[in-house]
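S.K.: all I have is the shape, not the residue letters:
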């Protein structure tokens, strides 16, 4: 009997938020956009780079702030984030400051909500000091600021993995920030994970935020009037995320929305989409084939497991949202064979580049050492002969010979060493990117 699991999901076409939409709206204020996708020591954040790109266009063109009033940071540590927001407030001259952040969030032991910098490590003793508290960022942005944060604070990334293994940074119910008049909208409640919306290749919160600014929010509160106000945008984000059955609930602080009628965009706006695919949390898939299992791409009555998207990569292994390691063969059984083949080829190429790089470093160093020894010997011979010339014991053309320079082998070896040293991290990064791309593809299919 066949198990009723479809091996290849239909590719949903959803309205995109990546095509810039210039509305002609003359917006006021300045914006800072941060999208940290690649963390040096923590799990990556799927689609954060694309989130930042879409919001950069939304601020500059859809809201009409203008490109020169938008600062985009593709990555940022604590100091860079605070510096950018502080400068933006100075440039705003009393106008609103908008901050968008896509990346990791967490909570300090004292209950402060944190935005995690790109250099934070999975070490509780230094984690907090390399992060920025939301309260601190709000103070830097000023009383009229609006912070849109596609992150969560349970110490869990978009893929469901703990940022600090063995630690659960849950937000206590009493954790409240003094925001000094700023408004903070976050993608999820304290105990939820901020997840991606795979059909759109964006964070779920970001997708409905940027879409709302494009006009989808017009009429979310009352009749449509050709513009999107702050209150309408919030209502649309709530409605839209419920519509796709997102397993997260956006939050705002303070609970009472200030400046509800503030216009954010107007002009030639887009209509809200009416048929968006829902977010499916789990999928039953076959494991390694057993008798009656996967044969010729047909799933038979073999053993099965439950894999829960989204998938992410940590320490060179693919994990689902529950933390279960996922093998290549399981993904093949879901119809992802060509994607797995491409990923394995790229991973092998990355490993080869790393091995060649390591071998090149050793060979380059050996060549340089040999060159130094040759140069030392040549210099010693030249010095000895010149001493004889100076004593009148030699009088020939060699007495006028130029002093020998450094052997060419030294420079060749140095060049090989440097080039090979560069290849080592590039190879590792290529392999990591291949795994991340496979995780992204798995998310698209399994949703």
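M.R.: Alright, I've got the coordinates. Because the structure is predicted, anything quoted here is derived from the model rather than measured.
S.K.: do you have the strands of the stretch 51-200 of the chain handy? List them.
M.R.: Per DSSP state E, counting those that start in this stretch, the stretch 51-200 of the chain has strands spanning 70-73, 97-102, 105-107, 113-116, 131-133, 146-150, 183-186, 196-197. These are given in chain order.
S.K.: dump those strands to a markdown table, plus distance to residue 239, mean pLDDT and mean neighbour count.
M.R.: All C-beta atoms are positioned from the backbone trio N, CA, C, and that covers glycine. Below are the strands of the stretch 51-200 of the chain laid out as a markdown table (distance: least, C-beta to C-beta, whole Å; pLDDT from 0 to 100; neighbours: other C-beta atoms under 10 Å):
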| stretch | distance to residue 239 | mean pLDDT | mean neighbour count |
| --- | --- | --- | --- |
| strand 70-73 | 27 | 98 | 20 |
| strand 97-102 | 20 | 97 | 28 |
| strand 105-107 | 24 | 85 | 26 |
| strand 113-116 | 25 | 90 | 26 |
| strand 131-133 | 30 | 93 | 22 |
| strand 146-150 | 17 | 96 | 26 |
| strand 183-186 | 14 | 93 | 23 |
| strand 196-197 | 15 | 85 | 28 |
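S.K.: and these as CSV, adding distance to residue 238?
M.R.: Converted to CSV, these look like this (distance: least, C-beta to C-beta, whole Å):
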stretch, distance to residue 238
strand 70-73, 26
strand 97-102, 18
strand 105-107, 20
strand 113-116, 20
strand 131-133, 26
strand 146-150, 14
strand 183-186, 10
strand 196-197, 15
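S.K.: isn't residue 107 up against residue 153?
M.R.: Yes: between residue 107 and residue 153 there is a contact under C-beta atoms under 8 Å: 4.8 Å.
S.K.: please enumerate the strands of the stretch 201-350 of the chain.
M.R.: 202-203, 227-229, 251-253, 263-266, 283-286, 294-295, 298-299, 304-307, 312-314, 317-319.
S.K.: now residue 363: which helix or strand?
M.R.: helix 337-390 (DSSP states H and E).
S.K.: which secondary structure elements does that helix sit against?
M.R.: Counting contacts by 3 or more C-beta pairs under 8 Å, 6 or more residues apart in numbering; DSSP states H and E, helix 337-390 packs against helix 328-331, helix 408-446.
S.K.: so which of the strands of the stretch 51-200 of the chain comes closest to residue 358?
M.R.: strand 113-116 (31.8 Å; C-beta to C-beta).
S.K.: and that closest one, what does it pack onto?
M.R.: strand 105-107, strand 131-133, helix 134-141.
S.K.: put together CSV for the ones you listed, with distance to residue 202 on each row.
M.R.: Compiled in CSV, the helices and strands packed on strand 113-116 are given as follows (distance: least, C-beta to C-beta, whole Å):
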stretch, distance to residue 202
strand 105-107, 17
strand 131-133, 23
helix 134-141, 22
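S.K.: quick one: closest of those to residue 30.
M.R.: helix 134-141 (9.8 Å).
S.K.: next, the angle strand 97-102 makes with the closest one.
M.R.: Relative orientation of helix 134-141 and strand 97-102, computed by axes from the mean of the first three to the mean of the last three C-alpha atoms, to 10 degrees: 140 degrees.
S.K.: thanks a lot, see you next time.
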